[in-house]
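>>> after the sequence you'll find the predicted model.
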Amino acid sequence: LRESVSVKDFGAVGDGVTNDSAAVQAAIDACEELRKPLFFPAGTYYMTSGIRIERNEVHVIGEGSESTILEFNVSSGVAMDVGYHNIGGGTFWGWTIRDIQIFSNASSSETNLLKVNYPLNGKMERVKIDQANSVGLRLGRPQNFVMHSSEVRNSDGRGVIVENDFVSAQGPQLFVMDSCTIKNNGDDPAGTAFQIALINGAEHVITNSIIEGSGSSNIYVGTDLTKITNCSFEGTPTNGHIQVGDNTGGGVTASNVFIGHNNFQNGSVGNAIDCQNYVGIMIFANQFQSNSRMRLGSDEGDKYSTIDSNYGLNVLTEITDSGTTDGKIIYRNSLAGTTTDTVQTITDGDTTPDVRGINSLHTANTSATSITQFTGTTSGDVFSVKFGDGNTTIVNGTFIVTATGANLTPSSGDLITFTTLAGTGASNKPVA
């Protein structure tokens, strides 16, 4: 007995012309009863209605993503609907799909080309998803699910969405994307979608992949414990390559996000990295191409955020600290571009701010604050302080020297530049 069931045993032709919808669904139903994988020999299987897989034993196997093609031309709904969400929910344990292409005909109007609910300990390998009318790949509560050596291209909407279970609304955990290409999704109309949207869950990893597009952002991170590493970001997304959190509406906070060892091409687009709402983030050892920018909003938590050892960054702006927690942001980008503008808002009430690696500081003190020392300075350091309030005093004394020899009480909007003179130990003195 064969270990798999071929769709051709149920009348599928695979010539790209014959409507194989009924034959393919019949083969799926048989596989569910026999608890065997479903095999698609090389060919183009044209279907005018969606197909459903409701048993996790029905693994889907083709003969290569350029040899086995499932072409859908459906009027509505999901083209390929996988998981127990159709029969009451539950874990879709160990489900796999490999060596196949899922393609949307130009006349198709599906809402999702491939939709999978609660795949646990499963894998998508060497799969190509192309030309979706809306969303290419929609994953509900993937858990320890690996997407490897696969592609999602040319979707009119978002390329890949990772979100909660479609039945229980429970969150996903440990979705891994490795060695994939996610490209040119959301470009029709331009600027309206993400290549990848990590909406819910935790412990997601995107690594060794190419992410390219001209939609809204290449990756949106609204999750916790997310790691993005060793990827190449290309294209011209309108809002930048990576967006962390969301400060619109009710806001979405992402926490403990690591972005490291990536290459960001074409820095002329928005901000290469736009961190809007987050708690604890590390952006480390990334390579930025010409004119790259990074923007960071408030770190709202009690964990330190670090932006360190990034090369080629042109402008780093709008960095603020809420002042209500210990979430001070630290910057040591010694390899950054020579025009880097590293900006930090001093924590409200801080009298000895650390200026290590900082070009420009902003104040936003809500009550009277006397700055007596700028810590972390070395001889030759030049930095500026722009005052956003009228509550700050710069104290002339042991650790700071002013040109007048007296304390300074700048007005809101004033800018003062300091140069640190050589000394021994703590006697290094910024001079205004």
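It's in.

>>> give the phi and psi angles for residue 33, as a check.
phi -70, psi -40 (degrees, to the nearest 10).

>>> gap between it and residue 2?
15 Å (CB to CB, to the nearest Å). All C-beta atoms are positioned from the backbone trio N, CA, C, and that covers glycine.

>>> same check, this time on residue 247
Distance of residue 247 to residue 2, computed by CB to CB: 56 Å.

>>> now swap in residue 373 and tell me
For residue 373, the distance to residue 2 - CB to CB - is 78 Å.

>>> of the two, who's got more company?
Neighbour totals were compared for residue 373 and residue 2, and residue 373 leads with 19 against 9 (other CB atoms under 10 Å).

>>> before we move on, what SS does the closest residue in space to that one that isn't next to it in sequence have?
With sequence-adjacent residues excluded and distances taken as CB to CB, 6 or more residues apart in numbering, residue 373 is closest to residue 399, at 3.8 Å. At residue 399 the chain is in coil, as set by DSSP: H, G, I helix; E, B strand; the rest coil.

>>> so how many other residues sit close to residue 399?
For residue 399, the neighbour count with other CB under 10 Å is 19.

>>> next, give phi and psi for it.
Dihedral angles for residue 399 - degrees, to the nearest 10 - are phi -110, psi -10.

>>> how much space between it and residue 369?
Plainly put, residue 399 is 15 Å away from residue 369 if you go by CB to CB.

>>> output the lowest mean pLDDT helix or strand found in this protein.
Lowest on mean pLDDT, DSSP states H and E among the helices and strands of the chain sits strand 320-321, with a mean of 47.

>>> now do the buried residues in stretch 397-415.
Residues 399, 400, 402, 408, 410 are the ones in stretch 397-415 that count as buried (16 or more other CB atoms under 10 Å).

>>> next one: stretch 193-201
Here stretch 193-201 shows 193, 194, 195, 196, 197, 198, 199, 200, 201 as buried, counting by 16+ other CB under 10 Å.

>>> would you turn those residues into TSV with distance to residue 282 and secondary structure?
Listed next are these as TSV, based on distance: CB to CB, whole Å; DSSP: H, G, I helix; E, B strand; the rest coil:
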residue	distance to residue 282	secondary structure
193	27	coil
194	22	coil
195	22	coil
196	20	strand
197	22	strand
198	17	strand
199	22	coil
200	22	coil
201	19	coil
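
>>> doesn't residue 84 make contact with residue 53?
No - between residue 53 and residue 84 there is no contact under CB atoms under 8 Å: 10.0 Å.

>>> can you give the contact residues for the helix or strand where residue 206 lies?
Secondary structure from DSSP states H and E places residue 206 in strand 205-207. With CB atoms under 8 Å, 6 or more residues apart in numbering as the test, strand 205-207 has contacts from 174-179, 196, 219, 226-231.

>>> out of those, which comes closest to residue 131?
Set against residue 131, the nearest of the contacts of strand 205-207 by CB to CB is residue 196 (17.7 Å).

>>> who is the closest one paired with across the strands?
Taking DSSP bridges as the rule, residue 196 bridges to residue 160, residue 219.

>>> distance of it relative to residue 51?
Computed with CB to CB, the distance linking residue 196 and residue 51 is 25 Å.

>>> just the buried ones from the contacts of strand 205-207?
The neighbour count (16+ other CB under 10 Å) marks 174, 175, 176, 177, 178, 196, 219, 226, 227, 228, 229, 231 as buried among the contacts of strand 205-207.

>>> okay if I get the residues you listed as a markdown table plus distance to residue 418?
What follows is the buried ones among the contacts of strand 205-207, written out as a markdown table (distance: CB to CB, whole Å):
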| residue | distance to residue 418 |
| --- | --- |
| 174 | 47 |
| 175 | 47 |
| 176 | 47 |
| 177 | 46 |
| 178 | 47 |
| 196 | 43 |
| 219 | 38 |
| 226 | 38 |
| 227 | 38 |
| 228 | 36 |
| 229 | 37 |
| 231 | 39 |
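
>>> these in strands, which ones?
Within those, membership in strands is found for 174, 175, 176, 177, 178, 196, 219, 227, 228, 229, as judged by DSSP state E.

>>> make TSV out of those and add pLDDT.
TSV is the format used below for these (pLDDT from 0 to 100):
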residue	pLDDT
174	93
175	96
176	97
177	98
178	98
196	96
219	95
227	97
228	98
229	98
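
>>> can you give me the end-to-end span of stretch 155-166?
Length of stretch 155-166, first residue to last, CA to CA, to the nearest Å: 21 Å.

>>> equivalent analysis for stretch 244-253, please.
End-to-end distance for stretch 244-253: 8 Å, by CA to CA.

>>> ok, residues contacting that stretch?
Counting by CB under 8 Å, 6+ apart, 220-222, 254, 257, 259, 273-279, 281, 297, 300 sit against stretch 244-253.

>>> in it, which residues are buried?
Using 16+ other CB under 10 Å as the test for burial, stretch 244-253 gives 244, 245, 246, 252, 253.

>>> shaky segments in the stretch 301-432 of the chain?
The stretch 301-432 of the chain contains residues with pLDDT under 70 at 301-304, 314-344, 357-359, 423-429, 432.

>>> so which residues of it form helices?
Here the stretch 301-432 of the chain has no helices by DSSP state H, counting those that start in this stretch.

>>> do a quick rundown of the strands in it.
In the stretch 301-432 of the chain, the strands defined using DSSP state E, counting those that start in this stretch lie at 305-308, 311-317, 320-321, 329-332, 343-345, 360-363, 369-371, 382-387, 392-394, 415-421, 429-431.

>>> and among those, the most buried is which?
strand 343-345 (a mean of 23; mean count of other CB atoms under 10 Å).

>>> mind putting the ones in strands among the buried ones among the contacts of strand 205-207 in CSV, distance to residue 95 included?
Output for those, formatted as CSV (distance: CB to CB, whole Å):
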residue, distance to residue 95
174, 16
175, 14
176, 15
177, 17
178, 18
196, 21
219, 25
227, 24
228, 25
229, 27
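
>>> ok so, going back, would you turn the contacts of strand 205-207 into TSV with distance to residue 16?
Output for the contacts of strand 205-207, formatted as TSV (distance: CB to CB, whole Å):
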residue	distance to residue 16
174	38
175	33
176	34
177	30
178	32
179	29
196	30
219	34
226	40
227	41
228	38
229	40
230	38
231	35
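
>>> which one among those gets closest to residue 293?
Using CB to CB, residue 219 is the member of the contacts of strand 205-207 that lies nearest residue 293, at 16.4 Å.
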